[in-house]
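here is a sequence together with a model predicted from it:
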Amino acid sequence: MRSNTGRNWKLFWHKVTHWEYWPFSVLYFPVNFYFIWLMVRCRSLFFFTASNPSLDFGGMLGEEKSRIYDLIPDKYLPRHQLIKSADMDAALRFGREIGFPLICKPNIGERGRLVERIETEEELMAYANRSPVDFLVQELVDYPIELGVFFVKHPDQEKGRVTSIVKKDFLHVTGDGESSIQQLLKDSNRAALQLNFEHSRFEQLLKSVPKSGETVIVESIGNHCRGTTFYDAFDQIDEKLNAAFNQLASEIEGLYFGRFDLRCQSFDDLRQLQNFKILELNGAGAEPAHIYEPGASLWKGYRDIFWHLDQLAQISRKNHQLGVPYWSTRSGIRKMLDIKRYNQKIKDFL
């Protein structure tokens, strides 16, 4: 008991002193005041809805992934299909078509909720049967590098630029030939703070004993709140990468501000727009995720958040001047209530 109490206090202190683990509401509390100031400047509660005219709500919240995928050329996407909730037959047909393993994720969702790697037909049918919402069945992309690349372009400027790159390192262990994965994780603060060890996907994995020197990825979903470590890859930004993302963004209608979550074979291939796939495209609600690098300065993180929000406001105002309407207060509030109800449905399921 005393040992567990000591471990819990250590975890608590680690969380307090490492802001990357702070709850979103705590971290973003001061950001809310700046966001209110931007609303005043733009004279609209929902100014951000003009930032990306082709994305629902500007891509701030509640956007349908399937509709965003419709804007992206197929050559840049993994194969995917939208499945209605509990439609096990459709899910199974497409799963057999693209092969296993594959990825399932809610058509509307954020922060990795209900995103699962599916290994078998049985797992796919179980996911389809229990999912409370429509979901995507998506081809697994096995390129070795996963990135979050932030792109900003002002509508009155010819070119935009990459403003942030985060490289993702999935939570993993290296075997010693004797210890189980659960034992290898016992001293990992990241695992203790971010993994739900009660989830059924860990039931067999945690008991397994990897060979000496064998690396095992414990959590394969590249989301920070599921144990992935984020590293700043700003040094990879150059003229060729900027040119590549200007080309990519030009092929997506109405995109000015957002983050591409993608997997690629190498940075050089990405600069050529070769051997990569876009997993997600986040609009106005995207974060410059490099700020979560372990040990990064909190004040620099706030500086980068504020800078990107200022760019969001400038882009939205310019688009508005060019004829893109802001959402009305009534429409925006209705949308927020719809999002709240939807998120509650997922929360109740979880």
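Received the coordinates, thanks.

now Lys345: closest residue in space that isn't a chain neighbour?
The shortest distance from Lys345 to any residue other than its chain neighbours is 5.3 Å, reached at Pro132 (C-beta to C-beta, 6 or more residues apart in numbering). Just so you know, the C-beta spots here come from the backbone N, C-alpha and C atoms, and that holds for glycine as well.

helices of this structure, residue ranges please.
2-17, 24-27, 29-42, 65-71, 88-98, 121-130, 181-184, 189-194, 239-250, 267-271, 298-321, 329-349 (DSSP state H).

any chance you could list what contacts stretch 176-192?
Taking contacts as C-beta atoms under 8 Å, 6 or more residues apart in numbering, the residues outside stretch 176-192 that touch it are 10-11, 14, 18, 171, 173-175, 195, 197, 205-212, 216, 218, 227, 229.

report the buried residues of that stretch.
By 16 or more other C-beta atoms under 10 Å, the buried positions in stretch 176-192 come out as Ser180, Ile181, Gln182, Leu184, Leu185, Arg190, Ala191, Ala192.

next: stretch 97-104.
For stretch 97-104, by 16+ other C-beta under 10 Å, it's Ile98, Leu102, Ile103, Cys104.

out of those, which is nearest to Arg334?
The closest of the buried residues of stretch 97-104 to Arg334 turns out to be Cys104 (C-beta to C-beta; 29.0 Å).

low-confidence regions, the protein specifically.
1-3, 348-350 (pLDDT under 70).

can I see the domain layout of it?
1-77+142-170+220-321, 79-140 (automatic domain parsing).

any chance of those in CSV, plus distance to Ser328?
Listed next are those as CSV, based on distance: least, C-beta to C-beta, whole Å:
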stretch, distance to Ser328
domain 1-77+142-170+220-321, 8
domain 79-140, 22
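
out of these, flag the one nearest Arg330.
Per C-beta to C-beta, nearest to Arg330 of the domains of the chain: domain 1-77+142-170+220-321, 10.1 Å.

ok, Arg117 touching Pro101?
Yes - the criterion here is C-beta atoms under 8 Å, and Arg117 meets it with Pro101 at 5.7 Å.

buried stuff in stretch 260-269?
Phe260, Asp261, Leu262, Arg263, Cys264, Phe267.

quickly note the distance from the nearest residue to Asp134 once chain neighbours are set aside to Ala286.
Distances taken as C-beta to C-beta, 6+ apart place Asn107 nearest to Asp134, at 4.6 Å, with adjacent residues excluded. Distance, Asn107 to Ala286, using C-beta to C-beta, to the nearest Å: 18 Å.

do the same with Val31
14 Å.

looking at those two, which is more packed in?
For Val31 and Ala286, the more surrounded residue by other C-beta atoms under 10 Å is Ala286, and the numbers stand at 22 against 13.

just to check, the more buried one is in contact with Phe150?
Yes - with contacts counted by C-beta under 8 Å, Ala286 reaches Phe150, the gap being 6.6 Å.

what do the two both touch?
Common neighbours of Ala286 and Phe150 (C-beta under 8 Å, 6+ apart) are Gly258, Arg259.

hey, what's Trp145 bridged with?
If you look again at residue 145, you'll see it is Ile, not Trp. Cys264 (DSSP bridges).

which residues touch it?
Counting by C-beta under 8 Å, 6+ apart, Ile145 touches Lys167, Arg263, Cys264, Gln265, Ser266, Phe267.

now for these: which two are most distant?
Lys167 and Gln265 (13.9 Å).

between Arg117 and Pro101, which contacts overlap?
By C-beta under 8 Å, 6+ apart, the residues touching both Arg117 and Pro101 are Leu140.

re the thing from before, next one: the residue nearest to Asp134 from Thr174, what distance?
36 Å.

go on, Thr163?
34 Å.

between these two, who's got more neighbours?
Each of Thr163 and Thr174 had its neighbours counted (other C-beta under 10 Å), and the higher figure belongs to Thr163 (20 against 12).

hang on, the earlier thing: list buried members of the contacts of stretch 176-192 by neighbour count.
Neighbour-count burial (16+ other C-beta under 10 Å) applied to the contacts of stretch 176-192 gives His18, Leu171, Val173, Gly175, Leu195, Leu206, Val209, Pro210, Val218, Gly227, Thr229.

which residue packs closest to the first one, ignoring adjacent ones?
Here the nearest residue to His18 in space, its sequence neighbours aside, is Pro294; by C-beta to C-beta, 6+ apart that works out to 7.1 Å.

on that earlier part again, I'd like the buried residues of stretch 260-269 laid out as TSV, including distance to Ala91.
Output for the buried residues of stretch 260-269, formatted as TSV (distance: C-beta to C-beta, whole Å):
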residue	distance to Ala91
Phe260	26
Asp261	23
Leu262	24
Arg263	23
Cys264	28
Phe267	35
